[in-house]
Structure formats: structure tokens, C-alpha cells
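> fold the following and give me the result.
(2 chains)
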Amino acid sequence: MFKFGFTEEQLMLRDMVFDFAENELKPVAAKIDHDEKIPDEIIKKIGELGLLGAAFPEEYGGSGFGEVGYCLVQEGIGSACLSTATFVGAHVSIGTNSIYIGGDEELKQRYLPLLTSGQKIAAFALTEQGAGSDAFNLKTKAELDGNEWVINGEKLWITNGPIADVFAVYARTKKGISAFVVEKGTPGFTPGAPEKKMGIKGSQTSTLTFDNVRVPKENMIGREGHGFLIAMKTLDAGRLGLGAACLGGMKSLLKMTTQYAKERKQFDQPIANFQSVQNMLAEMAMEIYVVESILYRTAVDYDDKTMIGRQAAMVKHIASEASCKVADLAMQVHGGMGFSKELPIERYYRDARINKIFEGTNEIQKGIIARDVLKRNGQM
Amino acid sequence: MNILVCISRVPDTASRILVGSDGKNIDTQGIKFVVNPYDEFAIEEGLRLREKNGGTVTAIVVGTEASKDVLRTALAMGVDKAVLVKGKEPDDSFYVAKNLAEYAKGISPDLILLGRQSVDYDSRQMASALGELLGLPSISVVSKLTIENGKATAEKDIEGGKEVVEASLPCLISCQKGLNDPRYPKLPDIMKAKSKPIEEIVPIETQNKVTILGMSMPSKKRVGKILGAEDSDIDELVKLLHEEAKVI
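Next up, the predicted model:
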């Protein structure tokens, strides 16, 4: 029998993270957007509560909630602040996960407890000028010199770049693409200034420059030449977290929009009485229901190790398109007030848009899905 | 220092409450239940006192099998032990107080903490009833608490101000908003809470002293009437307040 439902501890996790989001994050979300920075004390609290370790096993400092738990965390955080959800996503599901998925035991023991507890912040460094959607086309190089790898090149659009301590860096070596851990402060390694962006402004994104950056041999994540596989597996997990953050944002938008539609009067009655407004609320609710259903179904498959790549790609595509649509409808119902900075609708609207672009554009997601459909001769 | 924290399970304050089909209970369909918000202050205060002075914190609830969820929350927040007095729906203050007192007698805690009231039935009787049944000093609506040298010094809210009172331990404190900032359970503790045991005991008292005859929704707010702004309208206003609204 196919049954949906969270366990008691998953529900407790959900209650806790939504309480935290409501009481601690929502009140500062506008400031995070304005200041283009997440306050250090918020990052500290998120770490202390164990929110950065939800997905990982206890032996690495996590709490063993798996991907479902991680998605609940991202849904809660995304409901209040998509900048903070982006920070968490880059740290957990692509930064830390690169080491968790690809690293050997020694590397995991060395880094994971520091990362799952939030004592150190992680980032994922794959994208380059000529390697965005064409992720295989990396120019950053790593060459072995004695017991050290020497890395040269430049990365672009690295979320958490200006604030991270530990970077999972992907570079070309003799045997293909390989992954390395590079720590902040390593000579020759320079994160750039935060980029100016339309949305998720509190999440800091920058370039990374590698000028003869030397890292010990042991800092290679997994085996030489396995980097691309590690990156792709890591991104699968990232796509679910992204969907979860979109879901949280959409749920907040529906709540705010419903309340507004009941309060705002035109023609001597609440606008919620008008069918055109009701249609918009119905559209929003339907999008949310679809995303919630596919997201948690896929997260359960991920934890059962039965998920296939196209499922994550579908979640990412559907959730990001839905979140842009829901933000647009929310703004339409709110009218001028939605466009005004007085309400957070315009922030959710700006923050939603990146989701169709990062962690693989939606066009790339369709490519992943279509290749898999063709490979399986149209079998679902 | 051994602390007993009495908690209750109440509908989330954000829930929309409707009366059930029997007219004597609320309709629990779709209602989310939580730890009574005032009891969260009691749990937090217990944990802080334990962190400072050592000892144990035991959380107890009088309720049904369903009440285990609030005990799990208390365990995830950090209490050492959880006890469920498993019986009928706890809809009478005496029934609850008698069963809590019975357990308290058995463990003789140094301090009993509870919320100032449960936000479901709002009877506000528990601190006094428990104090009476146990013969202990009982201080209500406390917003600041210091325990030193076997004495509790408490600041409590009174009409228009504060009052500072003192009692020797063991004693009972009912907690008010402002006493502390309850912690969020940490994820590893939520995970561990599921494997911690919950002690179940049978109620000693099984009868209510007060029985609920019926429940109804508040009558809909009547639409206000606006009279003119002239002095001559005052007579009409007084007349309506007297005869129609019957408030003067």
C-alpha cells in the first residue's frame, strides 16, 4: 500500500523549524534582503539547533533525518527567507554533501562534524565562465606536485563564496574531473566581492580565484577522475532541497494572499468574493499541492536509495516554475501593495526567479529528463 | 535538585475551534495539539535550574495515549524523565490535580513548576489545587524566579505592577510569560526523544468533581450602531445603552 505521512519525529522537526522560521527568521528577512547579509547570530543559531546536520548520520555529527528531514528544514526556512534557504542549501546539500557522497572515511571524519554543526561553512565550486550548463567544460586545472595538488583557475557564481571556510572545488586533472577540499586562507586562493543580484540578496555569491593554490594529496574528494560523478550525485540532492525551499515560500505566499483577499475590499466587499480572485487562489493551491506531493515522494525514494536522477530534475523544474507562478499570482492579488516594498510579496517574487536558473537551468533539467525517458523507451 | 514539571496538551492557539457533534467537546478533527504555551515556560525554567544546580527534571501529563506527543516534545527539549497518567480525557481540574498530587507525593520533588493556566479550559485552578492537596506553598503567575539556599524568591505580576514574594522549598510555581524564552528542541534531541521511555501510570482518581454540560460558540459580534455627533444625540445613546444593549 502506498501511504504518505510523516513520522512523529519528522513532525516534531517540522514544528520546530517552522517555529524557528516564524519567530527568528521572518522578523529579520527584510533586513537580510536589504543588508545583503545574513546576520552571524542567525547562522550560529541554525548551526546550534542542528539544522545543518539534519540529513547526515550521527557518526558525522548529524541527526539522521535523511533527505526528508533536510527537505522539511528547507521548507521551513524557505517559508521565511529564501536567502537563508540558499545559504543552507549551498552549505548542506552541495557543499557538505560533496564530501559526504564522494569522500573517503578519513576526509569525512576530518570535515563533516565541523560542517554538520555549522562551526565551518561550506560551498560548492563547479561553475566557471565557460562551464555553466556545459559543466564538463572546466578550465580550472589541478596538477600533482609531490604530495600536493596545485590548483589554478577561476570559478564563478559560487554561493557562500565570501563566507565559506571549506570549499568543494572541481578541477580538471589528467584522468578527467576531480574534486578537492580547499580551505579559506590557503595561499593563492581568493574569494571575490559579493555579486549584486536581483533576489536572494542575503545569500552571498562570488568568484573564486586559484593562483597556484596547493592542497595536500589527502584533500582529494574520492578518486581521481570521479569528480564529475560526485558533482552530479551531489546536485541531485541539491535539487530536492531547492524544491523544498520553493515549497515553503509558496505556502507563505498563499497564506498572505488569502488573508489579504479576505481583508481587501472593493465594490463594498472583500475581493475574495470575486471569482477571478478565487481562481488565482485555487491556482496557487494546486501548484503547492503538486510540489509538496512530488517533493516528499522523491525525498523518500532518495532515502530508500531508489531515486533516479530524472525524479530530482522533475522536482527542481516543477517547483521552480511553480514558485515563480505562485509569486506572480500573489502579486496580482495584492495589486499595488504587492509591488510595494511595504509588503514582502515583492521580495518573494524576486527571490523565486533564480530557482529556474541555478543548480542546473530548467532547460538542462528537461535534457536530463528527456535523456532518461529515451533510455527507458518511454517507461516511467 | 529534583523538579517536577506538570504539562498539558492543548489545541494550537492558531487552530480554529469548533464544537463537536456531542455539544460537550470540541471537534478535534484537523486540530493540531501542542504543549500548553505557559507550560513551555515551566519546562524551560526547570531545565535552566537543572543546568545551574544539577538534579533531574521530570515532565508529567494527565491525559490519554495521545498525550505522549507533548511528552516527546518535553523530552526533546531536555527533560530527563516523562510520565503519563493514562486515563480519560482530562476535562476537570480536580481530576487532574488529584492525580498529579498523587505522583508528586511519591517522588517528593524540591520544586513543582507548571503554567499559569492551560489555554484550553482556562480554569486557572491547578497551582492552588495542587498546593492545597500537597500542603505546599504555591506562588502563581511568576515572571521571575530565583532559587537560593532552599528558598524561592519570585516576582509575580499583579494588577498594575509587580510583587516580590518568597517561600521555602519544596514549593509550587505557576509560570507566566516573560519568565524565560523557551528553547527550540535541537534536531539530535528530537531524534533521541523517540527512543526514550515514557512511564505510564494508572490514575488514582477517576471521577470529575465538575462535569461539562455543554459547549457553544460565542454569539456573533453584533454590528455597531453609529449615532450623530450632536449633543442632542447623547440622550438617545444613553437610552439605547440602557434599553437595547442593557449595559447601563
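> how about the longest strand out of those in chain B: buried residues?
Longest strand of chain B, by residue count under DSSP state E: strand B:138-148. Buried residues in strand B:138-148, counted by 16 or more other C-beta atoms under 10 Å in any protein chain shown: B:138-143, B:145, B:147. Yep, even glycine has a C-beta here, placed from its N, CA and C like the rest.
> in TSV: those, plus distance to B:Asp39 and pLDDT.
What follows is the buried residues of strand B:138-148, written out as TSV (distance: C-beta to C-beta, whole Å; pLDDT from 0 to 100):
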residue	distance to B:Asp39	pLDDT
B:Ser138	16	96
B:Ile139	16	95
B:Ser140	14	94
B:Val141	14	94
B:Val142	13	96
B:Ser143	15	96
B:Leu145	15	97
B:Ile147	19	96
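> number of nearby residues for A:Glu48?
Neighbour count of A:Glu48, defined by other C-beta atoms under 10 Å in any protein chain shown: 14.
> ok, A:Lys141 touching A:Trp149?
No. Between A:Lys141 and A:Trp149 there is no contact, the gap being 9.8 Å when judged by C-beta atoms under 8 Å.
> quick one: which of the two has more around it?
In terms of neighbours (other C-beta under 10 Å), A:Trp149 is the more surrounded of A:Lys141 and A:Trp149; the figures are 25 against 15.
> okay, that one: pLDDT?
A:Trp149 carries a pLDDT score of 98 in this model.
> okay, and it sits in which element?
Per DSSP states H and E, A:Trp149 falls inside strand A:148-159.
> how about whatever residue of chain A ends up closest to chain B, nearest residue that isn't a chain neighbour?
Minimum separation of chain A from chain B (C-beta to the nearest C-beta) falls at A:Gly50, amounting to 3.2 Å. The shortest distance from A:Gly50 to any non-neighbouring residue, by C-beta to C-beta, 6 or more residues apart in numbering or on different chains, is to B:Leu187 (3.2 Å).
> so which residue is smack in the middle of chain A?
Per C-alpha atoms, centre = their mean, the C-alpha nearest to the average position across chain A is that of A:Gly89, at 3.3 Å.
> for it, pull up the helix or strand it's in.
Using DSSP H and E, A:Gly89 sits within helix A:82-89.
> then B:Lys24?
B:Lys24 belongs to no helix or strand when elements are defined using DSSP H and E.
> isn't it up against B:Leu213?
Yes. Using C-beta under 8 Å, B:Lys24 is in contact with B:Leu213, at 7.2 Å.
> quick one: contacts for the residue nearest to the centre of chain A?
By C-beta atoms under 8 Å, 6 or more residues apart in numbering or on different chains, A:Gly89 lies in contact with A:74, A:159, A:238, A:241-242, A:245.
> of these, which belong to strands?
Per DSSP E, the contacts of A:Gly89 map to strands at A:Thr159.
> mind checking how far the residue lying closest to B:Ile147 once chain neighbours are set aside is from chain A?
The shortest distance from B:Ile147 to any non-neighbouring residue, by C-beta to C-beta, 6+ apart, is to B:Leu49 (6.0 Å). To chain A, B:Leu49 is 21 Å away according to C-beta to the nearest C-beta, to the nearest Å.
> B:Leu49 in helix, strand or coil?
helix (DSSP: H, G, I helix; E, B strand; the rest coil).
> give me the domain ranges for chain B.
As given by automatic domain parsing, the domain ranges for chain B are B:2-201, B:219-248.
> most tightly packed of these?
Of the domains of chain B, the one with the most neighbours on average (mean count of other C-beta atoms under 10 Å in any protein chain shown) is domain B:2-201, at a mean of 19.
> now the buried members of the contacts of A:Gly89.
The neighbour count (16+ other C-beta under 10 Å) marks A:74, A:159, A:238, A:241-242, A:245 as buried among the contacts of A:Gly89.
> what does chain B put close to chain A?
Proximity of chain B to chain A (C-beta under 8 Å from any C-beta of the partner chain) is limited to residues B:34, B:69, B:72-73, B:76, B:184-191, B:193-194.
> and the two most separated of those residues?
Taking C-beta to C-beta as the measure, the residues of chain B next to chain A span a maximum distance of 21.4 Å, between B:Val34 and B:Pro188.
> now for the residue in chain B that chain A sits nearest to: which residues touch it?
For chain B and chain A, the shortest gap (C-beta to the nearest C-beta) falls at B:Leu187, measuring 3.2 Å. Going by C-beta under 8 Å, 6+ apart, B:Leu187 touches A:13, A:16, A:49-51, A:53-54, A:63, A:65, A:69.
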